[in-house]
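Undergrad: build me a structure from this.
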Amino acid sequence: MQGLGDQHGLPDCLCSQQPGERHRHGLGNLHASTPVTVALDNGATGTGPTARQMKSGTKAITYGIYRDAAATLPWGNTSGTNTASLSSGTGTLTAYGRVPAQVSPAPGSYADVVNVIITY
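TA: Numbers count the residues shown, from 1 in each chain. Model (predicted):
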């Protein structure tokens with residue numbers, strides 16, 4: 001079977017980009033009067049920040065969400081390790097998605113739900 005290349009995209013993006021392309025998604029401006037920590041859970045069936053899964057029935061595509069464009073800082077929910085934080089005021093956080101090389105799944109519509117947890 002042909003495999004997916006080292007692709008980068010968010011769960012709500014089509015995985016049709018070329019290897020090496022990076023996609024980002026802003027989580028929006030946060031307005032906080034106190035410092036906040038922003039965490040992302042593993043999604044509906046994922047086992048970690050770099051092993052989330054988009055599903056289509058029993059088929060799956062593994063992907064990760066990162067805090068940096070180079071995909072070296074996974075974004076998860078372990079405070080002080082893989083979460084993001086903002087001091088009081090206004091700030092913008094950007095999530096970067098990556099689909100690592102893997103066996104190509106059958107064409108279809110794949111989805112996942114990742115919860116954003118904001119702690120202040």
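Undergrad: point out where the chain drops to low pLDDT.
TA: 1-32, 89 (pLDDT under 70).
Undergrad: so which residues of it form strands?
TA: With DSSP state E as the criterion, the chain has strands at 3-4, 23-32, 36-40, 52-56, 59-66, 84-86, 89-98, 102-103, 116-119.
Undergrad: closest to residue 109 out of those strands?
TA: Closest to residue 109 of the strands of the chain is strand 52-56 (C-beta to C-beta; 5.9 Å). C-betas here are computed from N, CA, C, even on glycine.
Undergrad: relative to residue 87, how far out is the nearest residue in space to residue 48 that is not next to it in sequence?
TA: Leaving out its chain neighbours, the residue that sits closest to residue 48 by C-beta to C-beta, 6 or more residues apart in numbering is residue 42, at 6.0 Å. Distance, residue 42 to residue 87, by C-beta to C-beta, to the nearest Å: 27 Å.
Undergrad: and those two? Which one has more around it.
TA: For residue 42 versus residue 87, the count of surrounding residues by other C-beta atoms under 10 Å is larger for residue 42: 19 against 9.
Undergrad: which phi and psi does the more buried one have?
TA: Geometry field for residue 42 lists phi and psi as phi -80, psi 10, criterion degrees, to the nearest 10.
Undergrad: for it, what are its contacts?
TA: Listed by C-beta atoms under 8 Å, 6 or more residues apart in numbering, the contact set of residue 42 reads 48-49, 51-52, 76-77, 114.
Undergrad: max pairwise distance over the residues you listed: which two?
TA: Among those, the pair separated by the greatest distance (C-beta to C-beta) is 51 and 77, at 13.4 Å.
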